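Undergrad: need a structure here:
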Amino acid sequence: MILCCGEALIDMIPEKTSSGRDAFVPHPGGAIYNTAVALGRLGAPSGMLTGLSNDIFGQQLCQGLKASNVDIDHVIFSDRPTTLAFVQLIDGQASYSFYDENSAGRMLAPSDLPLISQNVNALYCGGISLACDPCSEAYETLLEREHKRLVVMLDPNVRTTFIEDADRYRSRIMKMMSLADIVKVSDEDLEWIINNSSSTEQKAKSILGIGAGLVILTRGSLGATAYLKDGIAVHVLAEKADIIDTVGAGDTFNAGFLSKLSELDFLQKESLPKISANAVEQALQFGAKVAGVTVSRAGANPPWAAEL
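TA: Prediction:
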């Protein structure tokens with residue numbers, strides 16, 4: 001099982017009422033939640049480790065996970081509130097205003113971490129959970145504890161509005177990338193994390209030097225490139241799509257990539273170092289295909305396997 005570790009929140013999506021007034025409609029979301037749901041819909045065994053509220057929004061999130069076949073045995077429930085993210089869409093691009101103080105997800109502490117069940121073979125971490133204390137400490141502790149036993153994929157998915165101490169955040173991300181087997185990073189995030197004069201490609205390859213075995217660099221409409229330890233680079237183009245909005249596109253790409261690796265039996269600690277360029281290309285192409293469906297419809301609504 002692929003255990004997705006990080007935020008689950010409510011995206012408040014702008015919509016018009018029947019009378020034409022502006023309103024916000026609650027939709028389950030969050031980068032890690034989106035990936036967990038996408039994995040479940042694609043048929044990959046998936047679960048989620050996060051802090052969820054017992055409030056009405058937390059119930060909505062829990063129902064969404066169950067409806068998409070996502071295991072919730074590692075979820076930690078509390079009476080703290082759910083994180084809310086109000087979304088604005090401008091030319092199809094999303095911007096967010098977060099309400100996250102003392103929330104169930106943010107207040108997850110290292111001492112709250114459950115034991116990881118034996119049917120888990122991979123961890124997926126990232127998102128705003130890596131920028132907010134104390135949950136960022138919890139997920140860092142989890143990787144330190146489990147990285148030698150489980151395959152780890154990390155996507156920093158940088159949200160600068162959450163970062164109070166840039167140097168501390170960069171240090172944490174660099175440490176977590178060194179513990180990961182797979183690092184996926186956008187070109188914009190990479191330029192922010194590694195703030196020097198090196199080229200984007202050089203920065204991506206430098207992550208291989210600190211421990212990761214596979215680095216995926218995404219460039220939006222230009223596609224994605226994977227860099228392997230042996231020096232091979234694999235590039236795939238983005239899927240052509242009529243873009244409605246981009247909410248959840250990267251999250252769904254990650255799910256497609258992980259799902260294909262799982263299908264090909266490379267999502268194991270023993271087999272991943274032996275992965276071929278062909279297998280990486282298949283996984284990248286499937287990630288792009290799944291993401292192409294997500295951006296073609298409103299909200300983070302990843303496809304089911306039967307839709308592909």
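Undergrad: Would you check that residue 218 makes contact with residue 184?
TA: Yes - if you go by CB atoms under 8 Å, residue 218 and residue 184 touch, sitting 6.9 Å apart. All C-beta spots, glycine's among them, are computed from the backbone N, C-alpha and C.
Undergrad: hey, what's in contact with both of the two?
TA: Common neighbours of residue 218 and residue 184 (criterion: CB atoms under 8 Å, 6 or more residues apart in numbering): 250, 253.
Undergrad: Span of stretch 186-201 from start to end?
TA: 11 Å (CA to CA, to the nearest Å).
Undergrad: same question, stretch 202-221
TA: End-to-end distance for stretch 202-221, by CA to CA: 21 Å.
Undergrad: Next: stretch 109-128.
TA: 15 Å.
Undergrad: List the buried residues for that stretch?
TA: Within stretch 109-128, the residues that qualify as buried are 113, 116, 120-128, counting by 16 or more other CB atoms under 10 Å.
Undergrad: where in the stretch 151-300 of the chain is pLDDT low?
TA: Along the stretch 151-300 of the chain, the parts satisfying pLDDT under 70 run over 245.
Undergrad: where do the helices sit along it?
TA: 166-179, 187-193, 200-209, 249-263, 277-294 (DSSP state H, counting those that start in this stretch).
Undergrad: Can you say which of those helices is packed in most?
TA: Highest mean neighbour count of the helices of the stretch 151-300 of the chain: helix 249-263, a mean of 27 (counted as mean count of other CB atoms under 10 Å).
Undergrad: which strands and helices sit next to that helix?
TA: helix 31-42, strand 122-126, strand 151-155, strand 182-186, strand 214-218, helix 277-294 (3 or more CB pairs under 8 Å, 6 or more residues apart in numbering; DSSP states H and E).
Undergrad: just the angle between it and helix 277-294, please?
TA: 140 degrees (axes from the mean of the first three to the mean of the last three CA atoms, to 10 degrees).
Undergrad: And the contacts of helix 249-263?
TA: Residues contacting helix 249-263 (CB under 8 Å, 6+ apart): 2, 31-32, 34-36, 38-39, 42-45, 122, 124, 153, 155, 157, 184, 186, 216, 218, 224, 267, 272, 275, 279, 282-284, 286-291, 293-295, 300, 302.
Undergrad: thinking again about what came up before, farthest pair within the buried residues of stretch 109-128?
TA: 121 and 128 (25.5 Å; CB to CB).
Undergrad: Out of the helices of the stretch 151-300 of the chain, the one nearest residue 23 is which?
TA: Nearest of the helices of the stretch 151-300 of the chain (CB to CB): helix 277-294, 23.3 Å.
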